[in-house]
Structures are given as C-alpha cells and as structure tokens.
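>>> Next come a sequence and a model predicted from it.
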2 protein chains.
Amino acid sequence: MAKPTPLSGFPELLPSARVVEREVIASLAHTFELHGFANIETRVVEPLDRLAKGGEVDKEIYVLRRLHAAADEADAGLGLHFDLTVPFARYVLEHAGHLEFPFRRFQIQPAWRGERPQEGRYRQFTQADVDIVGRDELPFHHDVEVMRVMVDALDALPIPPVSFQFNNRKLIQGFYRGLGLPDVTAAIRTIDKLDKLPADKVAELLVGDAGATPEQAQRCLELATIRVADTSFVERVRALGVVDELLDEGLAELAAVVEGCSAGDHQHVMVEANLRIARGLDYYTGTVVEIFMAGYERLKSVGGGGRYDALATDGRTTYPGVGVSFGVSRSLIPLLADGVLAGSRPVPSAVLVVVVDEESRATSDAIAGALRARDIPCEVAASAQKFGKQIRYAERRGIPFVWFTDADGGHEVKDIRSGEQVAADPATWTPPTEDLRPQILGLDKLDHRGVSQ
Amino acid sequence: MAKPTPLSGFPELLPSARVVEREVIASLAHTFELHGFANIETRVVEPLDRLAKGGEVDKEIYVLRRLHAAADEADAGLGLHFDLTVPFARYVLEHAGHLEFPFRRFQIQPAWRGERPQEGRYRQFTQADVDIVGRDELPFHHDVEVMRVMVDALDALPIPPVSFQFNNRKLIQGFYRGLGLPDVTAAIRTIDKLDKLPADKVAELLVGDAGATPEQAQRCLELATIRVADTSFVERVRALGVVDELLDEGLAELAAVVEGCSAGDHQHVMVEANLRIARGLDYYTGTVVEIFMAGYERLKSVGGGGRYDALATDGRTTYPGVGVSFGVSRSLIPLLADGVLAGSRPVPSAVLVVVVDEESRATSDAIAGALRARDIPCEVAASAQKFGKQIRYAERRGIPFVWFTDADGGHEVKDIRSGEQVAADPATWTPPTEDLRPQILGLDKLDHRGVSQ
C-alpha cells in the first residue's frame, strides 16, 4: 500500500508535540479538580434530533452508517457530536437521578465538524469544557465561580497571554428594552456583526432589520464601544441615560464577574468588560464571555461560554447552567506549528541503559528495572552496537542520560549534553527533576536552545 | 424534549465510575512511560480502503457522511477505526520520516464497531495498546520487552488476577510442517475453533477441511492440549517426535517470552504457555498472546496481541512490529457493573468550605484558595444553608472534610465520617494522603465499607 497522505482537517501530532498537548490537558484537569469539578466523558455519538436541537442546526454534522447495513437500511440516526455542551445536556437529563446538583463537571474530548479546514479550525478538534448545572435554580455566584476556574486554568498554561472579554445578555437586553427598541433579539443579532462589518453598516442594519431609529442605533453602537479592564463600565453605561431593571441586574452581574475574575495574582490573563460581545447563540441568558490569545487574534476566540437558564429540560424539570469552553486544538496546533511551544523530547525515557553484548542484555534489563522501581523512565538499547552508536541513539531521541556498566559490575552515568560522566548506583541515582519527564519548551527555552522546529 | 434513553452499546460512566477508569488509564500510562513508550493519539477516522486492509474485512465499520452533503454526493470515504493497530500502522507510514526506530508507542483511545452489543462488547470501547515497531527489522528481544511491559502494567491494576497465555506461530507452523500437513494455514484456522467446538469435532474438521490424516489430526490436538506455567512445554513438544527448524525457533522464542514474563515479583499476573492459542488473524508471524481475567472467563480474552513481520509497508520499506492490547472498557465496565470496583467519591473535592452567609462568601472563597494553593481540591458550599444541611451536602458527595469559620476568624475542620472536629489553619492543614484524591475501592474495601453499588 502506498504512503498515506494527510487528511485535511484531521491534524495529528508527532510524539514530542503530543507531550505538549498531554501536559496542557493534565494541567487543565489539575486546576479543574482543585476547584471540585468532576470529570466525565460522554459517548461520541448523539441521536440526530438531539444534535439538531443544539441551538445551531447549520452545523456540518458527521452522520454514521454501518458499512454492512442493508441497502434499504436507513442511517443509524446517529451523528458525531460537534461540541461538548449538547452531549453534556443530554448526560444531565439521562443521569439526573444519579447526580448531585449543583453538578460541577469538566470534560476534555474531541468533537467533529465537517467544515472547511483552516488554521485553528479542524474537522476533529479537542475542547476542554467546565460547567456548573443546577436543578430548577442556580445562584448567580456560580457564574463568577466557573469563570474564575477557567481564568486560573489558562493562567497556569505556558501559552501566550489570554484575554477574557465579558459581557452580560441582561445588560444588553435591558439596555435595548429601556431604549425602546422594537425587536431586541434582532438588535442583538445585528450588533454581533460588529467584528465583521464597519460600525456605520451595522447602524444601517439596526435601522433596516431591527426597526431602530437612527438615534437608537447610535446609542447601541455607543454601548458596544465600551471596553474597560475594570468596573468603570457601570458609570459609562449609566451616562448613556437608559433606565431599566434588567439593565441594572446585568450591570451588577457583569461587575461581579469582572471583579471576581480580576482578583488574585494572575500572570497571563487579562480580564475585560467588552460590551460588544454578544455571542449570537439564543440560549445565553446572562454572563457571556469570549477568550482571545495575544498574537493569535486571527484565530478569533480560542474559547467562550456563558450562562443559559435552560441548559436542558425534560419538560418537567429545567436545568440552568453556566460554563466556558477552551479550544485545546484551536490554540495549541497553531502554537506548535509556529514553534512557540515544543516538547523537550519525543520519548519519556530519561535514561538509556547501554547493552554491552546480547548475552548480557539481562544485566541491562535489571538496571532498568531498578531505575523504574524508583519511577525513573528508561529504556534499554535496542542493539549492542558500539558505545558511540548507542550514545547517538540516545541523542536522536533527546534522552539526556546514558548508563554504562563495566566488566567489574561498576556503574557510570553520562549526561550526554555536558559530557559529564560519574559513578552511579542504580538503587539510588536520580536525575534532576527537570530531566525526569519531557517538558514543555516555551518561547524562552526554545530561543535559548536554538530549537526552531 | 423528553428524557433521553440510553443507547445500547455506548456505555457511559457516572462520575465515581469515571474515577476508576481515569485512575486505571493513568496507571497504565505510567507503566508504559517507565518503559520508554511514547504516547500518541491518532485521528478517529481512516480512509475506508485502509480499514478494509486491516486483516479482517468483516468488521462492522461505521462510515461517515456529512449531514448537509448534497444528495448525489458520495460518502466522505471515511470510517471510524475499529482498533488501534490499523491507525498506528498508517501513522507509522505517514510519519516515518519524523520517527526514530525502533519506535515504542502507547495509545489509549476509543474505537468503534457496529456489532450487536453484549457484556464486554460495546459499540464504543476504549483500548490501551503498546507496540514496538522497527524499520526493516526488529530483533526478537522486543517481543519479550513489550509483553513484559503489559505484564507490569496489568499487575499494577486493582483488577482480578489476569493470565497471559502465550503461544508462537512459528512453533505451530513448524510443528504442522514437520508433521507433513498439506495445508498449514487451514489447520491453524481449524485448531483456533477449539474454544467453540469439542475436540473430536475439531479433529474431524482437520481431516475434512485441512486435509490431515486422522493420526496427524490427533497429534495436532495433542499439541494443542499442552498448557503449562513454565518452559516444560519444550520437552513435551519434543516428546511428540516432530522435527522442524521453524518449530525449534518457535520453541526457543516461546520459552524466552514465558521466562521473561515470569521473571520479577508479580502479584496478580499468571504467565502460561498455552499451545492452543492461535489468534486467527493472518498477520501474526511469531509470538501470540491472549489475556484472560479470573472470574470473567465469559468475556473471552480481555486483551491480546503478538508479532507481525509486516505491521505496515509502503512497497519500499517494511515495518515489523510486536504489540499487545488491553481492553479497558471490556474489562472495567463489567467490573464496575458487578461492584467489584468503585470510585470512593464522585467529586475530586477533599474539603467543603462552609458558607456562613452570602455576604461572607468571599471569606470562604479565600480559605478555598489557600487550600488549593497547596494542591488540596475543595469546593465552597453552594448556599448558606444551616450547617447541618451543608454537612449533608458534603455527605451526599462523599467529601470527607467540612471546614468551618467562626465569627472571630477561628478555623475548624470536621472529619464527617468520624465526627472529629479540630482547630486548623488553612495555610498548613493537610488531609491524609488517602483522602486527598478519589480512590479506587477494590473488592476488599467495598466489603469493608458495605458498599454494594
């Protein structure tokens, strides 16, 4: 069979890049668990009618069919999920009797869309979602809680700085209502186009499509231009002179989210109120957020989410939720391709144990066993080549240490980067912590080591 | 929308069962990495022609189609992979220029088959595979290496004892050839039916389908009944009086595998030579293994694998490989369903921080923050109910500790299992290690705690 060609939209990582992805996923999971979020995985398929109810029916869903299905047999009626929210909502409904509410969960899994692939947009992509879902009710403070969790989680990652841009649907809706707009929903949909169209065009549409007067359209644009890194937006909105109860509620909620997420000692996360963020999806009812990565604005948002008063309902019970999603593939694959991040080596092994000759392979195996018993990853050389060749074998894999045994049973270990070689005991020798496992090399270390990928 | 019903063949785990699956996967990954195996993930789809070349074309593959594809548009030509070997072989071919050989990899991912679901057989199931692949050649000692890795990995799991039953295709083929059987391949396929048919029926088929004489058939059955936990099979095979070079090679290899895998201090793994194991797949060429779990023989094998001299080839280069697969879903889901294993709690939180009133929620958040800074997972109570209700909130989630703050800023922490309550400082207090994270409760602990699931 011929050499296979890559499938567009289905990126795959080489082992050293996979090191980065795994470490990032482990770091995310660690933060989520520190905050009490339980992990679940859902099956990758959902009934088509449920996928179609997910708010956006225009998704390019992949539908499944059994290869050996009879010619007249219909599709299995199943599709691959296109996000983690729809399957989570179904999971909550299906398993509600076995869950405690409020239910905090995180989920890190692939999803699929049959869209045209481009940088940051893939047909198979991994997302990391955190959500809190209540039964019948979910107090507002969980909005602050779940957003802070993601702030903490992304702050711990070795990626470029990210910006959380918050808004609140109650604020927008209240403002529009107080302003007397005839069609609030149409106005929100129109304002959401501000990142694609110039302001005067959006103003035209507000008049034409949403029935606004030119003056109302102007106020909508004024609201949408407010973008600050603190709670001073409250005064600026008030200065626009619109009075509405829902607006007050939205202002208070947004202020609490911005304040709550700004608190603490974050290094790489910026928190802003950006009053043009709307997130078109109909099901958001309060807090909304989009996340952007510095230097990668071309990817658009690398994450987002918000509050939905009806994440799921079975007719009798309604489950409100609030959550936020981070695009693991969307952010990491461009960073890996650009060489901003790299794995320090493609193998877990910290040590290569040299083989003197095939007859003494068992001796080398025993040394490796002694190291592994103390949690030191290692491998035994594949063949009893000359030592120089075995050292190059380690070099090609980025294995930092090579272990030698002499005829008298003496042991020495060589750091092949420095060339330093010292006597060592397999029962006690330990590599420096930073060499024990493959590491993520960030921009600084890459420059330092001259790695350009 | 109505309450969803479960999809047959697509099992999903509740959070506490997912604790078990995650810990098992983490333990497997840890062992694989100690032995220098790099992790990869492949995309879940493969071109159909590659799935069909996987040795078994009778698999119930799930084929993909885009929902919004034009009516006259063909299928995407893609199917979900049904194992991890076919995608790995393709990955090796596609990325060979970027890999170092011998290449050790492990892969823990779901696979899909549209088969009729039954206990241990699901339409979506997770497998853990380790393989070593060489370019052009792969010395035999890697057979021993990769099988020992899986022995170590399964020995570290809290599952019932497992038995590795090894055989060697060279041994069988050499024996049949030395015996003068006219159709060695047909004979292997027939002997493989011994677990479904009685011996005399298999003997009949050997004569009828494989062209054996009744005496040859008898010898084949005698070979197949040899099953020992050491290398004494060598003498017993010799005693059958067949002489063949390939047989000698197979005997030596099988002896080395049995010896190598028996070495060391394993608690829950039994290693046997079982000369009726054939594994019907055509591509095995040397070592073969099937893994069984004590008390769960009804699941048939929970793992298996072997040596293939042509795992992959692009026409110019051939990549021999040896590997073994463990059925994570196949073994864990029945164990979870039977209550043999369970997670100790459905949430990561070790501590619930009580909320006195909504005004002082920030105080509770700060305590939680101090605990998290020292890697102690915790959550803050969802509402400022009476303390008794907050304690029951923790109880229902299995959270072992509840943290109280009094009006003077004093702190106390209560172990809600013992009722013991002591003064504590959020900057220094640490729970016992076994309470820090959810644990896997095995049979003993379940009995002890009276949990029956």
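Great, that's in hand. Numbering: from 1, shown residues only, chains lettered A, B, ... in the order given.

>>> Any idea how many residues pack against the residue in the stretch 251-400 of chain A positioned nearest to chain B?
Nearest residue of the stretch 251-400 of chain A to chain B (CB to the nearest CB) works out as A:Glu379 at 3.2 Å. (Glycine included, C-beta is placed from N, CA and C.) As a burial measure, A:Glu379 scores 25 neighbours (other CB atoms under 10 Å in any protein chain shown).

>>> give the contact list for it.
A:347, A:349, A:351-353, A:368, A:399, B:35-36, B:104 (CB atoms under 8 Å, 6 or more residues apart in numbering or on different chains).

>>> Show me what stretch A:211-226 is in contact with.
So stretch A:211-226 is contacted by A:172, A:175-176, A:179-183, A:186-187, A:191, A:194, A:199, A:202-204, A:206-207, A:233, A:236-237, A:240, A:242, A:273-276 (CB under 8 Å, 6+ apart).

>>> how about a cut-off of 7 Å?
Outside stretch A:211-226, the residues that touch it by CB atoms under 7 Å, 6 or more residues apart in numbering or on different chains are A:175, A:179-183, A:187, A:191, A:194, A:199, A:202-203, A:206-207, A:233, A:236-237, A:240, A:275-276.

>>> Identify each buried residue in it, please.
A:212, A:216-217, A:219-221, A:223-224, A:226 (16 or more other CB atoms under 10 Å in any protein chain shown).

>>> just stretch A:86-96 next, same as before
Buried-residue list, stretch A:86-96, by 16+ other CB under 10 Å: A:86-96.

>>> again, but for stretch A:374-393
So, applying 16+ other CB under 10 Å, buried residues of stretch A:374-393: A:376-382, A:384, A:390-391, A:393.

>>> how distant is that stretch from the center of its chain?
37 Å (CA atoms, centre = their mean, to the nearest Å).

>>> got the end-to-end distance for it?
Stretch A:374-393 has its terminal residues 24 Å apart, counting by CA to CA, to the nearest Å.

>>> still on that earlier bit, a strand runs through the residue of the stretch 251-400 of chain A closest to chain B, doesn't it?
Yes. Assessed with DSSP: H, G, I helix; E, B strand; the rest coil, A:Glu379 lies in a strand.

>>> How is chain A divided into domains?
Using automatic domain parsing, the domains assigned to chain A come out as A:161-294, A:347-437.

>>> any idea which of the ones you listed is most buried?
Per residue and on average, the most neighbours among those fall to domain A:161-294, with a mean of 19 (mean count of other CB atoms under 10 Å in any protein chain shown).

>>> which helix of chain A spans the most residues?
Longest helix in chain A, counting residues (DSSP state H): helix A:15-34.

>>> in it, what's buried?
In helix A:15-34, counting by 16+ other CB under 10 Å, buried: A:15-24, A:27-29, A:31-34.

>>> Enumerate the residues of the stretch 351-453 of chain A near chain B.
Listed as neighbours of chain B in the stretch 351-453 of chain A under the rule CB under 7 Å from any CB of the partner chain: A:361, A:372, A:375, A:377-379, A:382-383, A:396-397.

>>> One more: the stretch 101-250 of chain A?
Counting by CB under 7 Å from any CB, the stretch 101-250 of chain A sits next to chain B at A:102, A:114, A:124, A:139, A:141.

>>> so what's the spatially most central residue of chain A up against?
Chain A has A:Phe326 as the residue nearest its centroid, 3.0 Å off, counting by CA atoms, centre = their mean. Residues in contact with A:Phe326 (CB under 7 Å, 6+ apart) are A:127-128, A:150, A:154, A:291, A:302-303.
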